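[1] Output the structure for:
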Amino acid sequence: MFQKLSYALLIVLFISACNQSSDFSDVPELTFISMSKDTLTQGINSDTIFITLGFQDGDGDISISEDNPDKLNLRVVDMRTGNTSDKFLVPEIPVSGAANGISGEMTVKMLGACCVFPVMDSIPPCSTTPLYPDNQLIWQYTLTDDAGNVSNSVTTNPIFLKCL
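    The predicted structure follows:
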């Protein structure tokens, strides 16, 4: 198994939204659209990848309201460990008529990740070792709306992480 790893990620959201008919569920839905590349060099702030996700929500409440200003609603899980890498705040989406539903895309700017190694080898995360020149990383995303509805989870394609 893998050692527990905690690290910070930086996220920047660029969201475009448009009014839709109320064919959408009030539970947010995510889709994986793309990523800017498939290889990263390990280390925090050492490399950048852009992940684009699609979203839709029938009642348009995926932004944080004034009633919940500290709620972090985009969750990222490192599938190598199953641990939450971080949680982030989706910025306010100023949409008139959001009660009719919204949809759009968000681009998440992720700054690096560390390689993780089997616990039995006692190698600390972010180390370099010829035993493990690379890792395969998959991030999983979920979105919680202001009413507490949790979206489906979506994952990135495999990202090859260079450990050396």
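
[2] If we ignore the residues flanking it in sequence, what's nearest the residue of the chain positioned farthest from its centre?
    Most distant residue from the mean C-alpha position of the chain: P130, 29.6 Å away (CA atoms, centre = their mean). Closest residue to P130 apart from its sequence neighbours, by CB to CB, 6 or more residues apart in numbering: L164 at 7.4 Å. Heads up, the C-betas are built off the backbone N, CA and C, glycines and all.

[3] Ok, P158 next?
    Closest residue to P158 apart from its sequence neighbours, by CB to CB, 6+ apart: Q136 at 5.0 Å.

[4] How about the contacts made by the residue nearest to P133 when sequence neighbours are not counted?
    Leaving aside its chain neighbours, P133 sits nearest to L164 (5.0 Å; criterion: CB to CB, 6+ apart). Residues counted as contacts of L164 (CB atoms under 8 Å, 6 or more residues apart in numbering) are T128, P130, P133, D134.

[5] So which of the residues you listed sit within strands?
    Using DSSP state E, D134 are the members of those that sit in strands.

[6] in the helix or strand containing the residue nearest to P158, what counts as buried?
    Using DSSP states H and E, Q136 falls within strand 134-137. Across strand 134-137, burial judged by 16 or more other CB atoms under 10 Å covers N135, L137.

[7] from now on call the first residue 771
    Yes, from this point I'll number from 771; that puts the last item at strand 904-907.
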